[in-house]
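Visitor: I'll drop the sequence and a predicted model, then ask my questions.
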Amino acid sequence: MKIITHKFRRQNNDIVYLVNLVDVSGHPLKSLLAENKEECITIAANLAVEEGVKNVLHNPGYSIVA
């Protein structure tokens, strides 16, 4: 498992961050929303400790929502 974070643009064009715990195939097991970059880093670090995950990747790009 690993944690992947990325920017997310809400419908009102606010930019927030998603923190995803994903399995080995890349499917999200848990997704958390952070309002800013600092909160994103904190949530990712706490989730890593909680879940015993060593790989945390901070993707600078946006998620794709269809």
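Guide: Nice, I can see it.

Visitor: so what touches whichever strand or helix holds Pro60?
Guide: Using DSSP states H and E, Pro60 sits in strand 56-62. For strand 56-62, the surrounding residues in contact (Cβ atoms under 8 Å, 6 or more residues apart in numbering) are 2-9, 40-41, 44-45, 48. For glycine as for every other residue, the C-beta is placed from the backbone atoms N, C-alpha and C.

Visitor: who does it pair up with?
Guide: strand 2-9 (parallel) (DSSP bridges).

Visitor: who are the packing partners of the helix or strand following the partner strand?
Guide: Remark: after strand 2-9, the chain's next helix or strand is strand 15-22, criterion DSSP H and E. If contacts are counted by 3 or more Cβ pairs under 8 Å, 6 or more residues apart in numbering; DSSP states H and E, strand 15-22 sits against strand 2-9, strand 28-34, helix 37-51.

Visitor: can you say which of the ones you listed is packed in most?
Guide: strand 2-9 (a mean of 17; mean count of other Cβ atoms under 10 Å).

Visitor: quick one: distance of it to the chain centre.
Guide: 3 Å (Cα atoms, centre = their mean, to the nearest Å).

Visitor: now what about it, what contacts it?
Guide: Contacts of strand 2-9 (Cβ under 8 Å, 6+ apart): 15-22, 33-34, 40-41, 44, 47-48, 51, 53, 55-63, 65.

Visitor: so what sits opposite the most centrally placed residue in the chain in the bridge?
Guide: The residue lying closest to the centre of the chain (Cα atoms, centre = their mean) is Val19, at 1.6 Å. Under DSSP bridges, the beta-bridge partners of Val19 are Thr5, Leu32.

Visitor: ok, it - contacts?
Guide: Here Val19 is in contact with Ile3, Thr5, Ser31, Leu32, Leu33, Ala34, Cys40, Ile43, Ala44, Leu47 (Cβ under 8 Å, 6+ apart).
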